[in-house]
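Visitor: the following block contains a protein sequence and its predicted model.
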Amino acid sequence: MNFANISDDAGKLFHEIILQQGELISEKLNLLRIEHYPPNATRSLRQFALGEVAYFLGVTPSNVKKLHLEGKGPTPTTTSSGRRTYTAEQMLELRQYLDRHGRSGVKKYVPHRRPGEPLQVISVVNFKGGSGKTTTAAHLAQYLALTGHRALAIDLDPQASLSALHGIQPELDKNPSLYDCLKYTADRVPISHVIRPTNFPGLDIVPANLELQEYEYDTPMAAQKTVEGKQFFLRLSGVLKEVDDRYDVVVVDCPPQLGYLTLTALTASTSVIITIHPQMLDVMSMSQFLLMLGGILGSIVGHGADVRLKWFRYLVTRYEPMDGPQAQMVGFMQAMFPKFMLASPMLKSTAIADAGITNQSLYELDRSQFTRETYDRAIGSLNSVNEEIRSLMHDAWGRR
């Protein structure tokens, strides 16, 4: 079929129609963004209830309340009913206070890297879209920041969904992407030039844009002509060296394809999360992905790539426990790979979907905006997944 000949009633060609429709969608999305975040306004972050603050700090609510009553640490906002809330910045102040005044002398509330602990690079991958990959990466990066880690999120998907979740619309904001750091020309820039802060203290982001796709075309051409191109798998590791001392962990949202961008991320990674939607067709697709990935990685290892992961895990996403076939598929995976499955699945939830409508994560929205049971179920699932990943990360550092 020759798509160039497809026309609408006005006689427009197919490429003209889709360009026009793409511009219209972009315009409407921008109007929605302006409605929520007026021009020149900083994207804010809600305040956190005392129980949430205690959870992220790893203490009891009574401990946090006692600090306030004794006039220690930052002063929370207190309602007429006595409800206390803290900003994310105040949570960081509380961490520092607890570290300074801890009885044991062990600094455990500010979990920054210690001497000898390498930067953790966690790549989230899947061969196809719709597996919850971006949702996983976004909530993991935000959770790590809320629990005191210095985190960098890298959006490596040209579709830029992770960027959108952090209030960035690439075709309008005109931000550079990691492509500007990876490309093979002399005008490439350091990664510090493309890093942007987010509304989460302790979390920065490298946004994505469509230009990232150029890396997929540039790399095979460079591989024919230069050593740099042949060793493309070293590029992200080299780029991250500039900011190694600024972060504890980097979370990479890979594109839903097995191309040079994904391979570049994987060879720079210390750990990998493979998301799985527990449906037969998705698991079949994943088996093909694993076979292809293993073969390609084996090939580039033979050319000098050093792929040494501290750990990798499969994460079940969009899981509905009452769905019999899904439960059966999860059991099937757990029986085959008991040591490589995260114990906690990410449940399918309308709360996460509703948050995404306004390009927000669940950590940005207050419990009062949802039915309590729906919110508690969703946030509990996210926290359980992220707790498990944080533990694996700390284990890789050799911490108890």
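Guide: Now that the structure is in, tell me what you want to look at. If you're wondering where the values come from, they're calculated on a predicted model, not measured in any experiment. Residues are numbered from 1 along each chain as shown.

Visitor: please count neighbours and contacts with C-alpha atoms only from this point.
Guide: Noted.

Visitor: regarding Ile205, what is its secondary structure?
Guide: strand (DSSP: H, G, I helix; E, B strand; the rest coil).

Visitor: now for it, how many residues are close by?
Guide: Ile205 sits with 23 neighbouring residues when counted by other Cα atoms under 10 Å.

Visitor: now it: closest residue in space, sequence neighbours ignored.
Guide: Nearest residue to Ile205, sequence neighbours excluded (Cα to Cα, 6 or more residues apart in numbering): Ala153, at 4.6 Å.

Visitor: for that neighbour, give me its contacts.
Guide: Residues in contact with Ala153 (Cα atoms under 8 Å, 6 or more residues apart in numbering) are 137-138, 141, 203-206, 250-253.

Visitor: just flag the most distant two among those.
Guide: Greatest spacing in those, by Cα to Cα: Leu203 and Asp253 (14.5 Å).

Visitor: which of these two has more residues huddled nearby?
Guide: More crowded of Leu203 and Asp253, by other Cα under 10 Å: Asp253, with 28 against 24.

Visitor: so Ser177 sits against Ser192, correct?
Guide: No: look at Ser177 against Ser192 with Cα atoms under 8 Å: they stay out of range, at 11.1 Å.

Visitor: more crowded one of these two?
Guide: Neighbours were counted for Ser177 and for Ser192 using other Cα under 10 Å; Ser177 has more, 26 against 13.

Visitor: what's the neighbour count on Ile191?
Guide: Residues near Ile191, counting by other Cα under 10 Å, number 21.

Visitor: no wait, Asp395
Guide: Neighbour tally, Asp395, other Cα under 10 Å: 13.

Visitor: ditto for Glu320
Guide: Neighbour tally, Glu320, other Cα under 10 Å: 16.

Visitor: what distance do you get for it to Met393?
Guide: Separation of Glu320 from Met393 (Cα to Cα, to the nearest Å): 27 Å.

Visitor: kindly list the longest helix within this protein.
Guide: Counting residues, the longest helix found in the chain (DSSP state H) is helix 372-396.

Visitor: where does the spatially most central residue of the chain fall, phi/psi-wise?
Guide: In the chain, the centroid-proximal residue (Cα atoms, centre = their mean) is Ala137; its distance is 2.3 Å. With angles defined as degrees, to the nearest 10, Ala137 sits at phi -60, psi -40.

Visitor: ok, now Met341?
Guide: Per-residue torsions, Met341: phi -100, psi 130 (degrees, to the nearest 10).

Visitor: and if you look at Ala145?
Guide: Torsion angles, degrees, to the nearest 10, at Ala145: phi -70, psi -40.

Visitor: contact partners for it?
Guide: Counted by Cα under 8 Å, 6+ apart, Ala145 has contacts 151, 200-203.

Visitor: if you rank these by neighbours, which is first?
Guide: Counting neighbours by other Cα under 10 Å, Ala151 comes out on top of the contacts of Ala145 with 27 neighbours.
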